[in-house]
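S.K.: Coordinates for the following, if possible.
(2 chains)
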Amino acid sequence: EAGVTQFPSHSVIEKGQTVTLRCDPISGHDNLYWYRRVMGKEIKFLLHFVKESKQDESGMPNNRFLAERTGGTYSTLKVQPAELEDSGVYFCASSQELANQETQYFGPGTRLLVL
Amino acid sequence: AQKVTQAQTEISVVEKEDVTLDCVYETRDTTYYLFWYKQPPSGELVFLIRRNSFDEQNEISGRYSWNFQKSTSSFNFTITASQVVDSAVYFCALSERVKAAGNKLTFGGGTRVLVKP
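M.R.: So this is what the prediction gives:
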């Protein structure tokens, strides 16, 4: 069974440009999460989808970030316009509740560098 | 508010030595989950273990063992007889079980383990 995949693995863009990150969750997982780790800081929660619905976007830093999950399968996270402080590693995770318990499985992350 | 602290930023050991990674957490909830993830050089976060706050039994899986102590709010991780392949960053994480699923994780800062041959 394929794990969580993310594309691209790396992205280098200039300040002011737009970047779109993609996450494909494990097949059948209804829950999809985005996290990010900026340099020297902890991994922080950004938002959570259940199928195509946003359940919690309390971690989204500002309105330059837009996440979508059309059709409840893959998700995209768009940063527009990108700023220097957006540099970091963006992780996606997915989960499916089993026996009233949940484990989030993570992808390899997308390393974003904004110059 | 939740908080996870991994006081050790980096640990260096020689192969076959044991290494213990500390994790201390803060939460006001009585029901929560604790996790450990491994991040090898390839970058992905690999799930290692989930522990329910009601289950304080220690767990062993091969060379890995975990010590959960609610009295000290700690969930420490020991690698016995370390190997070079254990070199990675290890993250401790906490989720408050508000609902059956969809509980965001709070991570510690990670501990980098370097195992030298």
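
S.K.: hey, let's count contacts and neighbours off CA atoms from now on
M.R.: Will do.

S.K.: Counting neighbours, what do you get for the closest residue to chain B within chain A?
M.R.: Residue of chain A nearest chain B, by CA to the nearest CA: A:Pro108 (3.6 Å). A count of nearby residues for A:Pro108, using other CA atoms under 10 Å in any protein chain shown, gives 23.

S.K.: Could you do the one 3 residues further on as well?
M.R.: Burial measure for A:Arg111: 21 neighbouring residues, criterion other CA under 10 Å.

S.K.: Please name the residues that touch it.
M.R.: A:9-11, A:87-90 (CA atoms under 8 Å, 6 or more residues apart in numbering or on different chains).

S.K.: could you redo the last one with a cut-off of 7 Å?
M.R.: Contact partners of A:Arg111, counting by CA atoms under 7 Å, 6 or more residues apart in numbering or on different chains, are A:9-11, A:88-90.

S.K.: helices and strands around the worst-scoring helix or strand of chain A on mean pLDDT, which ones?
M.R.: Ranked by mean pLDDT, DSSP states H and E, the weakest helix or strand in chain A is strand A:53-56, scoring a mean of 91. Here strand A:53-56 touches strand A:43-50, going by 3 or more CA pairs under 7 Å, 6 or more residues apart in numbering or on different chains; DSSP states H and E.

S.K.: give me the number of residues near the closest residue to chain A within chain B?
M.R.: Using CA to the nearest CA, the closest approach of chain B to chain A is made by B:Glu44 at 3.6 Å. B:Glu44 has 20 neighbours, counted by other CA under 10 Å.

S.K.: What distance do you get for it to A:Gln96?
M.R.: Taking CA to CA, to the nearest Å as the measure, B:Glu44 and A:Gln96 are separated by 19 Å.

S.K.: can you check A:Ser58 too?
M.R.: 21 Å.

S.K.: Please apply the same query to B:Ser12.
M.R.: Counting by CA to CA - B:Ser12 and A:Gln96 are separated by 36 Å.

S.K.: Residues contacting the helix or strand bottoming out on mean pLDDT in chain B, please?
M.R.: Within chain B, no helix or strand scores below strand B:59-61, which has a mean of 86 by mean pLDDT, DSSP H and E. With contact meaning CA under 7 Å, 6+ apart, strand B:59-61 is reached by B:65-66.

S.K.: could you redo the last one with a cut-off of 10 Å?
M.R.: Residues from elsewhere that reach strand B:59-61 (CA atoms under 10 Å, 6 or more residues apart in numbering or on different chains): B:48-49, B:51, B:65-68, B:77-79.

S.K.: Then stretch B:62-78?
M.R.: So stretch B:62-78 is contacted by B:4-6, B:18-27, B:34-36, B:48-49, B:51-60, B:79-83, B:90, B:92-93 (CA under 10 Å, 6+ apart).

S.K.: Give me the buried positions along that stretch.
M.R.: In terms of neighbour count (16 or more other CA atoms under 10 Å in any protein chain shown), stretch B:62-78 has its buried residues at B:64-69, B:74-78.
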